[in-house]
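Student: this is a predicted model, with the sequence first.
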Amino acid sequence: MRNFTLAEQDMTAINSIVSKLQKYPEINYEIDNDTINIQPTTDDGFLVWLTETDHGLTVGFEGWHAHLQLEEEEDALNLFALGLNEDCRLKVSRKGTSEYKWTPEMKDENGWSHIGTIWLLFFPFWKKNRDKYFTNTYIKTNS
């Protein structure tokens, strides 16, 4: 795993993330072409990633993702940071051993609110459903 300097990247959103990550030296990240990945450091965490192209930005948490326009860079950066925050969790649903649905949730004064859900079109629907929650704690609420 290699940390890149800002001069090594052309993408503005990725530059912003790398710059902000300087405050969190414990966070390791990987940059591969137009994507930055932060792998979970525990079994209870989840992958957070951002891809930047000429057509827009995509922020993802494991199998879930959201597409944003280039003009929505601030929203994409906030969503990326949310994935690293303890006030965000990812509900992963499985049928048998196959993951098929991902739902990020954000904690607010009323509890947990769904952000959105993405699921596979084809999955073993006849198998027993199991849900598991994952949380990253890189950014503490009171930091």
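Tutor: Happy to help now that I have it.
Student: going forward, measure contacts and count neighbours with C-alpha atoms only.
Tutor: OK.
Student: and residue 28, how close does it get to residue 116?
Tutor: 27 Å (CA to CA, to the nearest Å).
Student: which one's more surrounded, these two?
Tutor: residue 28 (15 against 12; other CA atoms under 10 Å).
Student: does the more buried one really touch residue 38, like I thought?
Tutor: Yes: with contacts counted by CA atoms under 8 Å, residue 28 reaches residue 38, the gap being 6.5 Å.
Student: mind listing the helices for this structure?
Tutor: 12-21, 73-83 (DSSP state H).
Student: turn the ones you listed into a markdown table, columns for distance to residue 51 and mean pLDDT.
Tutor: Converted to a markdown table, these look like this (distance: least, CA to CA, whole Å; pLDDT from 0 to 100):
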| stretch | distance to residue 51 | mean pLDDT |
| --- | --- | --- |
| helix 12-21 | 8 | 94 |
| helix 73-83 | 10 | 96 |
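Student: among those, which comes closest to residue 109?
Tutor: helix 73-83 (16.1 Å; CA to CA).
Student: now the closest one against helix 12-21, angle please.
Tutor: Angle, helix 73-83 to helix 12-21, by axes from the mean of the first three to the mean of the last three CA atoms, to 10 degrees: 40 degrees.
Student: poorly predicted segments of this protein, please.
Tutor: Along the chain, segments meeting pLDDT under 70 span 1-11, 142-143.
Student: domain ranges for it, per the record?
Tutor: 6-83, 88-134 (automatic domain parsing).
Student: output those in JSON lines; the columns should cover distance to residue 140.
Tutor: Formatted as JSON lines, the domains of the chain follow (distance: least, CA to CA, whole Å):
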{"stretch": "domain 6-83", "distance to residue 140": "11"}
{"stretch": "domain 88-134", "distance to residue 140": "11"}
